[in-house]
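*Asks:* starting from these lines, generate the structure:
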Amino acid sequence: MSNRELSLANEIAHGGVVGYTLSFYCENCRGHLFQIIHSAERASNKLQDIIIEKRYYLKCQYCGSVQAENVITIVPSWSGPCIDRDAIPKWEGDEFA
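*Replies:* Below you'll find the predicted structure:
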């Protein structure tokens, strides 16, 4: 285990907030500024795990190319005890609506 991994574990153990910023980059020119052309989202409940899927269609402001980005967040069944999981629709397949 590296010193970085140990320091992150120590920070989490003492209640620290640890995270990373997510950034999208253009696959063509590596630009980082986009116009959001369209976005869609769905949330599902699969075996008491909440799965939130977001899809973004982005247009690069540098070169004009268009790309899609898919972001999935999973809230495990053992976390978020105050979430009403029965109010979230059941997972029905891999098709994005």
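*Asks:* what average pLDDT does stretch 22-39 get?
*Replies:* Averaged over stretch 22-39, pLDDT sits at 91.
*Asks:* this structure: strands as residue ranges?
*Replies:* For the chain, strands defined by DSSP state E occupy the ranges 34-46, 49-60, 66-75.
*Asks:* go through these and name the closest to Ala87.
*Replies:* Ala87 sits nearest to strand 34-46 of all the strands of the chain, at 8.6 Å, using Cβ to Cβ. To be clear about C-beta, it is placed using only N, CA and C from the backbone, and glycine gets the same treatment.
*Asks:* give the buried residues for that closest one.
*Replies:* Within strand 34-46, the residues that qualify as buried are Phe34, Asn45, counting by 16 or more other Cβ atoms under 10 Å.
*Asks:* of all the strands of the chain, which lies closest to Ser7?
*Replies:* strand 66-75 (25.2 Å).
*Asks:* about what we covered before: relative to Leu22, which of the strands of the chain is closest?
*Replies:* strand 66-75 (7.3 Å).
*Asks:* which elements pack onto the closest one?
*Replies:* strand 49-60 (3 or more Cβ pairs under 8 Å, 6 or more residues apart in numbering; DSSP states H and E).
*Asks:* partners of the strand it packs on in the sheet?
*Replies:* Here strand 49-60 has these sheet partners by DSSP bridges: strand 34-46 (antiparallel), strand 66-75 (antiparallel).
*Asks:* thought Ala40 was touching Glu69?
*Replies:* No: taking contacts as Cβ atoms under 8 Å, Ala40 lies outside contact range of Glu69: 11.5 Å.
*Asks:* now list whatever residues contact both of those two.
*Replies:* Residues touching both Ala40 and Glu69 by Cβ atoms under 8 Å, 6 or more residues apart in numbering: Arg55.
*Asks:* next one: Asp49 from Leu6, what distance?
*Replies:* For Asp49, the distance to Leu6 equals 29 Å [Cβ to Cβ, to the nearest Å].
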